[in-house]
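Student: Everything below, folded, please.
(2 chains)
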Amino acid sequence: DGGITQSPKYLFRKEGQNVTLSCEQNLNHDAMYWYRQDPGQGLRLIYYSQIVNDFQKGDIAEGYSVSREKKESFPLTVTSAQKNPTAFYLCASSGNEQFFGPGTRLTVL
Amino acid sequence: DAKTTQPPSMDCAEGRAANLPCNHSTISGNEYVYWYRQIHSQGPQYIIHGLKNNETNEMASLIITEDRKSSTLILPHATLRDTAVYYCIVRVLISSGSARQLTFGSGTQLTVLP
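Tutor: Below is the predicted model of the structure:
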């Protein structure tokens, strides 16, 4: 069953902790993306990667980091430097269309 | 990417066709019209895209006007599960070799009523 998986679905973090969100795709797509969505708003791009071992900052990269060691995987780390990390995080990949994962809802306690 | 304008909300009776309009008067010749939808607390779902000809797939039909300045997404027999925010996006063709973000506006909240 092809697609994009994200884990965990829900994540709780204490202030000051780094957390890593997982994103895996088996669609053989080169390009992968991380978006953030706040309640009632559209998606904002955090980071994207066009190819393995390469990635670029999006519109709101501060306080986040990524890696792209494998084509299938594009994990996102939310660091303690991110001032307002509570949000819905979406991973996507693109071939001829852009497909999205189910999302991870991060809550900072 | 060209700007799009959509009504903020629409209602549709279950079993009837839902027609969602989108205006994109500044669309360029090489820009496609894409439609996605997002059901509450889920990731956006690709529906359909087109350049200038009408397109149909198992989910919906896309009607693009001859001048390409507007389009309509048609869900032929709406069900309660079609209740979602529908986004119309105009941009150059998404391809594997060009990583570019999709710019989602506010979209149209479609509510299918029983």
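
Student: count of neighbours near the nearest residue to residue B:59 once chain neighbours are set aside?
Tutor: Setting aside the residues directly before and after it, residue B:59 is nearest to residue B:47 in space (Cβ to Cβ, 6 or more residues apart in numbering or on different chains), at 5.3 Å. Yep, even glycine has a C-beta here, placed from its N, CA and C like the rest. When neighbours are counted by other Cβ atoms under 10 Å in any protein chain shown, residue B:47 registers 20.

Student: for residue B:47, helix, strand, or coil?
Tutor: strand (DSSP: H, G, I helix; E, B strand; the rest coil).

Student: For residue A:81, see how far away it is.
Tutor: Distance of residue B:47 to residue A:81, given as Cβ to Cβ, to the nearest Å: 37 Å.

Student: Stretch B:59-77: which residues count as buried?
Tutor: Across stretch B:59-77, burial judged by 16 or more other Cβ atoms under 10 Å in any protein chain shown covers B:60, B:61, B:62, B:63, B:64, B:68, B:70, B:71, B:73, B:74, B:75.

Student: Out of those, which sit inside strands?
Tutor: Of the buried residues of stretch B:59-77, the ones assigned to strands by DSSP state E are B:61, B:62, B:63, B:64, B:70, B:71, B:73, B:74, B:75.

Student: Between which two of the residues you listed is the distance greatest?
Tutor: B:70 and B:75 (17.5 Å; Cβ to Cβ).

Student: Tell me what the spatially most central residue of chain A is bridged to.
Tutor: Geometric centre of chain A, nearest residue: residue A:34, 3.5 Å, by Cα atoms, centre = their mean. Here residue A:34 sits in beta bridges with residue A:47, residue A:91, going by DSSP bridges.

Student: ok, it - contacts?
Tutor: A:23, A:45-48, A:58, A:64, A:66, A:74, A:76, A:89-92 (Cβ atoms under 8 Å, 6 or more residues apart in numbering or on different chains).

Student: one step back: show me what contacts the residue nearest to residue B:59?
Tutor: By Cβ under 8 Å, 6+ apart, the neighbours of residue B:47 are B:35, B:36, B:37, B:57, B:59, B:60, B:73, B:86.

Student: 7 Å - rerun?
Tutor: Each residue near residue B:47 by Cβ atoms under 7 Å, 6 or more residues apart in numbering or on different chains is listed here: B:35, B:36, B:37, B:59, B:60, B:73.

Student: ok, those vs residue B:104, which is closest?
Tutor: Nearest to residue B:104 among the contacts of residue B:47, with distances taken as Cβ to Cβ, is residue B:36, at 7.4 Å.

Student: my guess is the closest one meets residue B:84, correct?
Tutor: No: with contact defined as Cβ atoms under 7 Å, residue B:36 does not count as touching residue B:84 (9.4 Å).

Student: higher neighbour count, these two?
Tutor: Neighbours of residue B:36 and residue B:84, each counted by other Cβ under 10 Å, are more numerous for residue B:36; the result is 25 against 21.
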